[in-house]
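Trainee: fold the following.
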Amino acid sequence: MYHPSNTKIENRAIGALRNIVDEHLTMDSRFNSMDKEMAWDGYIYIFKNNNGDQSKRNLDDKVSVQLKGHIDKEQKYLNKKRITYPVDLDDLEIYYNDRGVLYFEIFMAEDGKQIEIFYSSLFPSKIKTYLEKAIRKGNKNTINIPFSKLQKDSKNLYIIVKQFSIESRIQGFGSGEIVQNMIMFKDMDRVTSISATAVGAKNELEILERLSTGDVCFYGTTKENRIKVPLEWDENCKSYFQREVFQTICIDGEVYYDRYKITASSEREFILEPSGNLAIEMIKGKFHFKVQTGIAELRKDADFLIKLIDSTAFQVGNSLFPCRNLEISKEFEEKLRFFIDLDDTLKQIEFDYNKPFRDFSEIVFRQLSNLLAVRKGLKNNLFTEKVHIFNWKIEDKYLPVIVLRQDDETNKLTNAIYTRRVGTSIGDEKGNYYRVPLFTRIDKNIICDLYCYNYDYFYEQIDKADVNEYTTMYLNHAALRLVQAYDVNKDKKLLEIAEYLLDKIVDFEGEKVYLLINQFQIKKRQGDLTKKEVDFLGNIFTEEIQEQFGIHVLLGNKEEAKRCYEHMGIEEQEEIMDYPIYDLFQSM
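Mentor: Prediction:
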């Protein structure tokens with residue numbers, strides 16, 4: 001087959017590039033054939049105004065160009081979008097000490113019918129990276145550099161030339177301070193700002209495309225240097241952008257998400273993230289699920305994926321994405337259904353446990369599984385009554401739960417303290433019922449060690465309670481439990497709530513001795529017992545030995561308090577030991 005001469009190959013290459021330049025009003029070229037200059041083959045000129053004026057006054061920049069023509073006998077390069085090709089290190093040194101070069105490798109078929117142009121924007125900071133890489137690898141003559149296929153469109157070429165002009169003007173010579181102070185990846189923790197300019201880019205995807213070809217350079221500032229300098233170039237580095245989009249994701253009209261994150265890469269990867277657990281590769285149609293977030297978000301993902309098993313598509317905004325034959329393992333489906341069941345259970349008890357699932361210890365996982373088992377009736381052998389308070393432990397604290405047995409042997413669960421869905425009451429001999437706070441049902445050893453204390457619920461339940469001759473003793477014991485809880489956990493708010501409850505009782509009962517003792521023992525714990533109140537206590541007369549004991553404890557009369565305690569019967573002693581006044585006695 002006929003093989004053209006080197007002159008013809010070079011002329012064809014020059015002609016192919018010149019034809020594209022000539023189509024644009026604001027570009028011109030001066031190309032030399034057969035390497036008449038030391039390292040350049042000419043220049044592409046760009047002009048300021050898009051009016052065809054190519055005068056000196058309208059000149060914007062003169063961009064140095066190097067081009068090489070090749071016959072691609074084996075079709076090794078012609079049909080590729082990106083290639084790598086060796087470039088002489090001596091030439092790179094020359095380009096580096098100027099403003100770089102716009103380098104073209106032009107390949108053609110032997111018959112000349114197909115010609116493809118590949119380019120690389122070699123501004124000084126990129127050349128610096130390649131020269132240093134050559135030293136590390138021990139290259140003596142050449143180094144492989146990536147080239148991208150040029151779209152045969154004059155507007156596209158103008159954008160590439162203009163972009164190179166901007167970068168090379170900013171950077172100047174490679175020996176200058178701007179390039180010499182280039183920020184390396186290892187120093188990225190020092191960076192305070194990053195910026196880039198992408199000529200002609202209409203959106204983030206086009207910026208990523210330009211970054212992937214190496215046309216655009218990132219610049220950064222550091223704490224030590226507020227002047228923008230280039231960031232290190234790495235041909236294998238991917239660039240990403242991420243945006244939060246406020247659109248719905250639906251299946252069959254049902255909304256599962258109202259926003260999502262979209263991540264795109266310079267390699268044209270598109271990843272949709274509707275949650276912190278779920279990522280969807282939109283082009284490949286792959287779903288990735290990794291447990292990261294709290295139960296509520298995991299449940300949302302589980303609902304979505306299980307629904308998707310029997311669906312043919314899901315909708316993002318107004319766009320429909322086919323999704324057929326989504327296959328998941330039985331084990332994974334069981335995990336998804338566990339998240340759904342667990343979320344339903346936590347909602348029943350109105351408990352927002354939204355710690356990241358990935359951080360769950362084995363103990364916490366067992367505790368949550370235990371609660372779920374209670375709801376499903378798998379622990380009914382522990383409950384002898386239709387209604388039972390189950391002191392569920394989460395982490396190292398308690399969250400009491402009301403367990404209501406259902407006809408199908410499953411259980412309905414309710415928060416035993418923090419809820420407005422149910423209430424509790426006590427009755428009289430006539431069948432009348434009087435409301436009392438839910439926390440009055442909670443054991444003293446539990447109320448001092450709750451997972452959380454929502455004080456508003458305590459106050460609200462006290463305000464709604466019936467205070468009368470049937471409830472006062474009950475309410476008084478509840479106040480004392482709060483005092484005992486304070487003695488364990490030192491939560492001063494519990495003393496305030498106990499005081500608030502006792503004030504309600506005193507308003508109804510009057511200043512009975514036992515109530516005064518209980519009010520004053522709160523003040524003593526708060527450090528607010530005044531001399532006047534101490535004198536008042538000293539003048540109280542009562543025949544009740546337990547009340548005498550309480551007064552002497554509050555007055556600090558240890559021996560008198562001890563005498564009173566010793567004069568009590570065994571049952572009275574056992575009863576007083578169950579009251580918080582005894583804690584003060586022991587600390588005397």
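
Trainee: buried set for the helix or strand bottoming out on mean pLDDT in the chain?
Mentor: Lowest on mean pLDDT, DSSP states H and E among the helices and strands of the chain sits helix 204-213, with a mean of 84. Buried residues in helix 204-213, counting neighbours by 16 or more other C-beta atoms under 10 Å, are found at 207-213. Any C-beta I mention is one placed from the backbone N, CA and C, and that applies to glycine too.

Trainee: again, but for stretch 255-270
Mentor: Buried-residue list, stretch 255-270, by 16+ other C-beta under 10 Å: 256-257, 260, 262, 264-266.

Trainee: please identify the helix or strand for residue 118.
Mentor: Element membership for residue 118 (DSSP states H and E) is strand 115-122.

Trainee: list the helices and strands that strand packs on?
Mentor: With contacts taken as 3 or more C-beta pairs under 8 Å, 6 or more residues apart in numbering; DSSP states H and E, strand 115-122 sits against helix 6-22, strand 82-88, strand 101-108, strand 142-149, helix 154-171.

Trainee: how far off strand 142-149 does that strand point, in degrees?
Mentor: Between strand 115-122 and strand 142-149, the angle comes out at 120 degrees (axes from the mean of the first three to the mean of the last three C-alpha atoms, to 10 degrees).

Trainee: hmm, who's touching strand 115-122?
Mentor: For strand 115-122, contacts defined as C-beta atoms under 8 Å, 6 or more residues apart in numbering pick out 12-13, 16-17, 20, 77-78, 82-83, 85, 92, 95, 100-109, 130, 145-150, 152, 160, 163-164, 167, 213-215.

Trainee: repeat for stretch 324-334
Mentor: The contact list for stretch 324-334, computed with C-beta under 8 Å, 6+ apart, reads 287, 289, 305-306, 308-309, 312, 336.

Trainee: among the residues you listed, which ones are buried?
Mentor: Buried members of the contacts of stretch 324-334, counted by 16+ other C-beta under 10 Å: 289, 305-306, 308, 336.

Trainee: please enumerate the strands of the stretch 151-300 of the chain.
Mentor: 191-195, 219-222, 229-230, 240-245, 249-251, 254-257, 260-265, 270-273, 278-281, 286-289 (DSSP state E, counting those that start in this stretch).

Trainee: okay, now the unreliable bits of the stretch 351-500 of the chain?
Mentor: Nowhere does the stretch 351-500 of the chain drop to pLDDT under 70.

Trainee: just the strands from it, written as ranges.
Mentor: Counting by DSSP E, counting those that start in this stretch, the stretch 351-500 of the chain has strands at residues 387-394, 397-405, 411-415, 424-427, 433-436.

Trainee: now render these as JSON lines, adding mean neighbour count and distance to residue 504.
Mentor: Formatted as JSON lines, these follow (neighbours: other C-beta atoms under 10 Å; distance: least, C-beta to C-beta, whole Å):
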{"stretch": "strand 387-394", "mean neighbour count": "16", "distance to residue 504": "24"}
{"stretch": "strand 397-405", "mean neighbour count": "20", "distance to residue 504": "23"}
{"stretch": "strand 411-415", "mean neighbour count": "20", "distance to residue 504": "23"}
{"stretch": "strand 424-427", "mean neighbour count": "14", "distance to residue 504": "16"}
{"stretch": "strand 433-436", "mean neighbour count": "17", "distance to residue 504": "12"}
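
Trainee: distance to residue 579 for those - can I get that in a markdown table?
Mentor: As requested, the strands of the stretch 351-500 of the chain are exported to a markdown table (distance: least, C-beta to C-beta, whole Å):
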| stretch | distance to residue 579 |
| --- | --- |
| strand 387-394 | 22 |
| strand 397-405 | 22 |
| strand 411-415 | 28 |
| strand 424-427 | 20 |
| strand 433-436 | 19 |
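
Trainee: figure out which of those is closest to residue 498.
Mentor: strand 433-436 (14.8 Å; C-beta to C-beta).

Trainee: residues in contact with the closest one?
Mentor: 423-428, 464-466, 468, 470-471, 474-475, 478.

Trainee: try 6 Å this time
Mentor: 423, 425-427, 465-466, 470-471, 474 (C-beta atoms under 6 Å, 6 or more residues apart in numbering).

Trainee: now for those residues: which two are most distant?
Mentor: Farthest pair in the contacts of strand 433-436 (C-beta to C-beta) is 423 and 470. Separation: 15.8 Å.

Trainee: domains for this structure, by residue range?
Mentor: In terms of domains, the chain is parsed into 6-181, 240-343 (source: automatic domain parsing).

Trainee: so which of the ones you listed is the most packed in?
Mentor: Of the domains of the chain, the one with the most neighbours on average (mean count of other C-beta atoms under 10 Å) is domain 6-181, at a mean of 17.

Trainee: end to end, how far does that one reach?
Mentor: For domain 6-181, the separation between the terminal residues is 42 Å (C-alpha to C-alpha, to the nearest Å).

Trainee: next one: that domain to chain centre, how far?
Mentor: Centroid separation for domain 6-181 versus its chain: 43 Å, with C-alpha atoms, centre = their mean, to the nearest Å.

Trainee: tell me the pLDDT at residue 174?
Mentor: Reading off the confidence values, residue 174 has pLDDT 92.

Trainee: any idea how far it lies from residue 16?
Mentor: Separation of residue 174 from residue 16 (C-beta to C-beta, to the nearest Å) stands at 30 Å.

Trainee: residue 496 too?
Mentor: Going from residue 496 to residue 16 by C-beta to C-beta gives 86 Å.

Trainee: looking at residue 423 and residue 470, which one has more neighbours?
Mentor: Neighbour totals were compared for residue 423 and residue 470, and residue 470 leads with 17 against 14 (other C-beta atoms under 10 Å).

Trainee: need the contact list for that one.
Mentor: Neighbours of residue 470 in contact, by C-beta under 6 Å, 6+ apart: 428, 434.

Trainee: kindly recompute the last result at 10 Å.
Mentor: By C-beta atoms under 10 Å, 6 or more residues apart in numbering, the contact list for residue 470 reads 425-429, 432-434, 436.

Trainee: against residue 515, how distant is it?
Mentor: 16 Å.

Trainee: partners of the strand ranked longest in the chain in the sheet?
Mentor: Criterion DSSP state E: the longest strand present in the chain is strand 59-71. Sheet pairing of strand 59-71 (DSSP bridges) gives strand 42-47 (antiparallel), strand 101-108 (parallel).

Trainee: dump those to a markdown table, plus distance to residue 139 and mean pLDDT.
Mentor: Formatted as a markdown table, the strands paired with strand 59-71 follow (distance: least, C-beta to C-beta, whole Å; pLDDT from 0 to 100):
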| stretch | distance to residue 139 | mean pLDDT |
| --- | --- | --- |
| strand 42-47 | 27 | 94 |
| strand 101-108 | 17 | 96 |
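
Trainee: of those strands, which approaches residue 301 most closely?
Mentor: Closest of the strands paired with strand 59-71 to residue 301 is strand 101-108, at 47.9 Å (criterion: C-beta to C-beta).

Trainee: please name the nearest non-neighbouring residue to the most centrally placed residue in the chain.
Mentor: Geometric centre of the chain, nearest residue: residue 276, 6.2 Å, by C-alpha atoms, centre = their mean. Closest residue to residue 276 apart from its sequence neighbours, by C-beta to C-beta, 6 or more residues apart in numbering: residue 293 at 4.3 Å.

Trainee: who's in contact with that neighbour?
Mentor: 275-278, 300-301, 354-358.

Trainee: what's the answer for residue 127, then?
Mentor: 87, 91-98, 100-101, 145, 171, 174, 179, 233.
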